[in-house]
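> Would you be able to build a 3D model of this:
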Amino acid sequence: MILNLGQANANAISKHTKVPRQAVYRTLQELLHKGLVEKVLTTPYEFRPTPIDMGLSILIKERIEDCRLLEKKAEEIFQRSKSSREISSKKEPRLLVIEGIEAINQLFKRKHNEAQNSADIITTVPRLIQILNYNLDNYKGGLERGVKYRVLVDQPENEDVFFRKLQILLTYPNFKLGIMSSDCGPVKVNMAVFDGKVSNFNFFPSKMLHESPVISTNHPSILAMFESHFEACWKKAKKK
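Next up is the predicted model:
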């Protein structure tokens with residue numbers, strides 16, 4: 001409102017806005033503290049808006065600082081959550097159901113970022129391409145840490161197009177790709193096993209991320225089945 005009035009005292013602003021004078025004066029003091037208004041030494045004091053370019057600069061810096069503090073708080077929450085997950089991971093086996101593409105993507109990002117030694121993955125070509133659209137940097141991060149990736153997919157309809165999409169990953173010596181043989185294909189389960197300790201798999205292999213919930217588990221019996229299935233299919237696969 002003070003932008004419209006140009007320069008006015010608290011009483012005039014109160015009458016114009018129909019806001020109690022005490023509330024107006026309190027707000028003016030807050031704006032003065034932020035540097036968004038200037039106090040004119042008259043009797044009574046009058047206030048005028050800070051030049052628009054300066055005001056916008058102040059507001060932008062304030063928003064940047066708010067975002068920085070929010071990021072710091074989010075990191076603190078993440079670290080506490082990570083500690084809780086590490087503690088809970090030492091407890092008895094569990095199966096967690098994750099739904100919604102954003103939650104699923106965050107799960108995948110976290111598992112790739114936490115992987116230390118290996119990631120063995122079986123998935124369909126369309127689903128792998130969709131995942132890489134969201135998680136390519138997480139794959140690259142794991143590979144740069146020395147994580148050994150072995151990825152099995154069914155036969156792509158167009159190998160040239162498919163391999164172009166994977167070109168960046170194929171430059172890493174610790175990224176291995178296999179095309180499933182007819183004995184193992186078509187893909188019966190989309191699954192990933194990280195470090196032999198945790199696995200993600202989904203209900204419906206043929207469906208895309210947003211169409212099927214994902215189960216994350218550290219159950220040793222399920223891990224053993226997945227690892228056995230992966231090794232059997234990897235042995236027969238055509239390596240690229």
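
> going forward, measure contacts between C-alpha atoms and count neighbours the same way
Fine.

> before we move on, what SS does the residue most central in space within the chain have?
Centroid-nearest residue in the chain, with C-alpha atoms, centre = their mean: residue 106, separated by 4.8 Å. Following DSSP: H, G, I helix; E, B strand; the rest coil, residue 106 is assigned to helix.

> how near is it to residue 42?
Per C-alpha to C-alpha, to the nearest Å, residue 106 is found 58 Å from residue 42.

> Could you list the low-confidence segments of this protein?
1-5, 81-91 (pLDDT under 70).

> now the strands for it?
Along the chain, the segments classed as strands by DSSP state E run 8-9, 37-40, 46-49, 95-98, 118-123, 148-153, 175-179, 191-194, 198-202, 214-217, 238-239.

> I'd like to know which of those lies nearest to residue 30.
Nearest to residue 30 among these is strand 37-40 (9.1 Å), distances taken as C-alpha to C-alpha.

> Only the buried residues of that closest one, if you could.
Applying a neighbour-count criterion of 16 or more other C-alpha atoms under 10 Å, one finds 37, 38, 39 buried in strand 37-40.

> packing partners for it?
Packing partners of strand 37-40 (3 or more C-alpha pairs under 8 Å, 6 or more residues apart in numbering; DSSP states H and E): helix 21-34, strand 46-49.

> would you list those in JSON lines and tack on mean neighbour count and distance to residue 102?
Below are these laid out as JSON lines (neighbours: other C-alpha atoms under 10 Å; distance: least, C-alpha to C-alpha, whole Å):
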{"stretch": "helix 21-34", "mean neighbour count": "15", "distance to residue 102": "37"}
{"stretch": "strand 46-49", "mean neighbour count": "20", "distance to residue 102": "43"}
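
> The ones you listed: which one's closest to residue 115?
Ranking these by proximity to residue 115 (C-alpha to C-alpha) places helix 21-34 first, at 45.5 Å.

> Report all helices and strands that that closest one contacts.
helix 10-17, strand 37-40.

> who touches it?
With contacts defined as C-alpha atoms under 8 Å, 6 or more residues apart in numbering, helix 21-34 is touched by 10, 11, 13, 14, 37, 38, 39, 47, 58.

> For it, C-alpha coordinates in PDB please.
Taking C-alpha atoms only, helix 21-34 is exported to PDB below (Å, rounded to 0.1, in the frame of the first residue of the first chain):
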ATOM      1  CA  ARG A  21      -2.400   1.900  13.700                       C
ATOM      2  CA  GLN A  22      -0.400  -0.300  16.000                       C
ATOM      3  CA  ALA A  23      -0.400  -3.100  13.500                       C
ATOM      4  CA  VAL A  24       0.600  -0.700  10.700                       C
ATOM      5  CA  TYR A  25       3.400   0.700  12.800                       C
ATOM      6  CA  ARG A  26       4.600  -2.800  13.700                       C
ATOM      7  CA  THR A  27       4.600  -3.800  10.000                       C
ATOM      8  CA  LEU A  28       6.500  -0.600   9.100                       C
ATOM      9  CA  GLN A  29       9.200  -1.400  11.600                       C
ATOM     10  CA  GLU A  30       9.600  -4.900  10.100                       C
ATOM     11  CA  LEU A  31       9.900  -3.500   6.600                       C
ATOM     12  CA  LEU A  32      12.300  -0.900   7.900                       C
ATOM     13  CA  HIS A  33      14.400  -3.600   9.500                       C
ATOM     14  CA  LYS A  34      14.500  -5.500   6.200                       C
END
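
> If I take it and helix 10-17, what angle do their directions form?
If you take axes from the mean of the first three to the mean of the last three C-alpha atoms, to 10 degrees, helix 21-34 sits at 110 degrees to helix 10-17.
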